[in-house]
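> make a model of this:
(one chain, ligands or ions: 2)
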Amino acid sequence: MHDHSLKHLDPRAPLVLDTRDLPRRPGAMRVIQRAVHAPSNLGLELIGVPEGADLTLDLRLESVSEGVLVSGTVSGPVEGECGRCLRPITDTVTVSVQELYAYAHSATEETTEEDEVGRLQGDLLDLEPAVRDAVVLELPNHPLCRADCPGLCPECGVSWDELPADHSHTQVDLRWAALAKLTEETRTGSGAADRGATEKE
Ligand SMILES: [Zn+2]
Ligand SMILES: [Zn+2]
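Ligands and ions are numbered 1, 2, ... in the order given. A predicted model of the protein is given here:
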């Protein structure tokens, strides 16, 4: 048996919920609608909910025979950085959660592992792992400021958005581009653009 009492929940932690006023009678329900401060590390390396930002909880706590079922949504602001051009990104994220927290000594508690089904510690439950997992799943692994962000010129690091279309760093490139352009102009008929593109490579 695991000793679940080893990790004591802090009732002041933003995503530790107190179920004290939820009657332990299956079907009893309580609604939690409030804003809390986001805990640290809620997100991924390049994008996430800033620590301390307002997280809006819109949750329903329901007594079931084995414990407390929490369902609803958690939403908050997101800040990050475009993976291509490094520009800041601001957005919002909303995740759905549905988690069962088993009573101590219930059949569910005896027959499951703590990482499968949450546990109530007295009247407290910790929604943070569920919210963290849901937020991480929802956020993009490769955040972009926009889907077709062209990124940065690898030579000078300036965003392609701010550079002329024929921006280049070497004479060879310039001549090559001019030649490709000339070839395109002197050719007629379908497929000229395709051949031009091939020759530029
Ligand atoms: Zn970008
Ligand atoms: Zn450049």
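
> show me what counts as buried in stretch 125-140.
125-128, 130-132, 134-135, 139 (16 or more other Cβ atoms under 10 Å). Where you see a C-beta, it was placed from the backbone N, CA and C, and this is true even at glycine.

> just checking, which of these belong to helices?
Using DSSP state H, the members of those that fall within helices are 128, 130-132, 134-135.

> returning to that earlier point: adding pLDDT and distance to ligand 1, write the buried residues of stretch 125-140 out as a markdown table.
Conversion of those to a markdown table gives the following (pLDDT from 0 to 100; distance: Cβ to the ion, whole Å):
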| residue | pLDDT | distance to ligand 1 |
| --- | --- | --- |
| 125 | 96 | 39 |
| 126 | 96 | 36 |
| 127 | 96 | 33 |
| 128 | 96 | 31 |
| 130 | 95 | 31 |
| 131 | 97 | 28 |
| 132 | 96 | 26 |
| 134 | 97 | 26 |
| 135 | 97 | 22 |
| 139 | 97 | 16 |
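
> format the residues you listed as JSON lines; extra columns: distance to residue 65.
Output for those, formatted as JSON lines (distance: Cβ to Cβ, whole Å):
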{"residue": "125", "distance to residue 65": "16"}
{"residue": "126", "distance to residue 65": "21"}
{"residue": "127", "distance to residue 65": "21"}
{"residue": "128", "distance to residue 65": "25"}
{"residue": "130", "distance to residue 65": "21"}
{"residue": "131", "distance to residue 65": "25"}
{"residue": "132", "distance to residue 65": "28"}
{"residue": "134", "distance to residue 65": "25"}
{"residue": "135", "distance to residue 65": "30"}
{"residue": "139", "distance to residue 65": "35"}
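
> for burial, what's the neighbour tally of the nearest residue to residue 81 once chain neighbours are set aside?
In space, and not counting its chain neighbours, residue 81 is closest to residue 46: 5.3 Å by Cβ to Cβ, 6 or more residues apart in numbering. Residue 46 has 16 neighbouring residues, counting by other Cβ atoms under 10 Å.

> what's the answer for residue 26, then?
11.

> repeat for the one 3 residues further on
Neighbouring residues of residue 29 were enumerated by other Cβ under 10 Å; the total is 11.

> contacts only, for it.
22, 60-63 (Cβ atoms under 8 Å, 6 or more residues apart in numbering).

> what is the nearest of those residues to ligand 2?
residue 60 (54.0 Å; Cβ to the ion).

> looks like the closest one contacts residue 70 (just checking).
Yes. The criterion here is Cβ atoms under 8 Å, and residue 60 meets it with residue 70 at 7.4 Å.

> the two: who's more crowded?
A count of neighbours by other Cβ under 10 Å puts residue 70 above the other of residue 60 and residue 70, at 22 against 14.

> can you list the buried residues in the helix or strand where the more buried one lies?
Per DSSP states H and E, residue 70 falls inside strand 67-81. Under the neighbour-count criterion of 16+ other Cβ under 10 Å, strand 67-81 has 67-70, 72, 74-76, 78, 80 buried.
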